[in-house]
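*Asks:* Compute the structure for the input listed below.
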Amino acid sequence: MDDYCQATELSDAANAQLHREVLLSFRLLFGQVKAARRIFHRIEKERAMKNKIHDPLLEQLCGSKKPLGTIMSEEAVHEKDVYNGVDFPCLGARLARILKYVELHKTTKIRDRWRDRTNRAEWMAFWTLLLIGVLSIVLSVVQIALAAAQLDAQIKSIPK
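*Replies:* Numbering: from 1, shown residues only. All right, here's what the predicted structure looks like:
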């Protein structure tokens, strides 16, 4: 990106590549996840009402589930679940820094983990552990209650 920023005039190919990466990075950061789209809609609606400005391209990139076919050809911008450095030759280093920052700031509080869905595997492991833990506590309480009832029945059945 630094080479692109320092150049006074970009070639058409470099311009097109940078444009594609900017569009794809907006889509990656804000539009591919349902929760991010919801946050975008809430913030964008407030901003648009305050400034009386609506940006339809930004709405398509960040607010729609599948917008890229209407913005650019499918070959130019191909949305994926997993990206690598080849997909972002210009902005890849900056996106890698964002990823590193996100990975270093993991949730540690239970209340935050309750809502955090950034890492699907951790979220599923947390909820599975919570479900199994609650279920085992409930079954233990039921077992104690049944043991108490059985003991009570045994005591009552002893002749006096």
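*Asks:* how much distance is there from stretch 35-54 to the middle of the chain?
*Replies:* 19 Å (Cα atoms, centre = their mean, to the nearest Å).
*Asks:* Dead centre of the protein: give me the residue that sits there.
*Replies:* Centroid-nearest residue in the chain, with Cα atoms, centre = their mean: T118, separated by 3.9 Å.
*Asks:* Next, give phi and psi for it.
*Replies:* Per-residue torsions, T118: phi -70, psi -40 (degrees, to the nearest 10).
*Asks:* what sits against it?
*Replies:* Neighbouring residues of T118 by Cβ atoms under 8 Å, 6 or more residues apart in numbering: V102. Bear in mind the C-beta positions are built from the backbone N, C-alpha and C, glycine included.
*Asks:* Now do it against V142, distance only.
*Replies:* 36 Å (Cβ to Cβ, to the nearest Å).
*Asks:* just E59 next, same as before
*Replies:* E59 is 53 Å from V142, by Cβ to Cβ.
*Asks:* P89 now?
*Replies:* Taking Cβ to Cβ, one finds P89 at 60 Å from V142.
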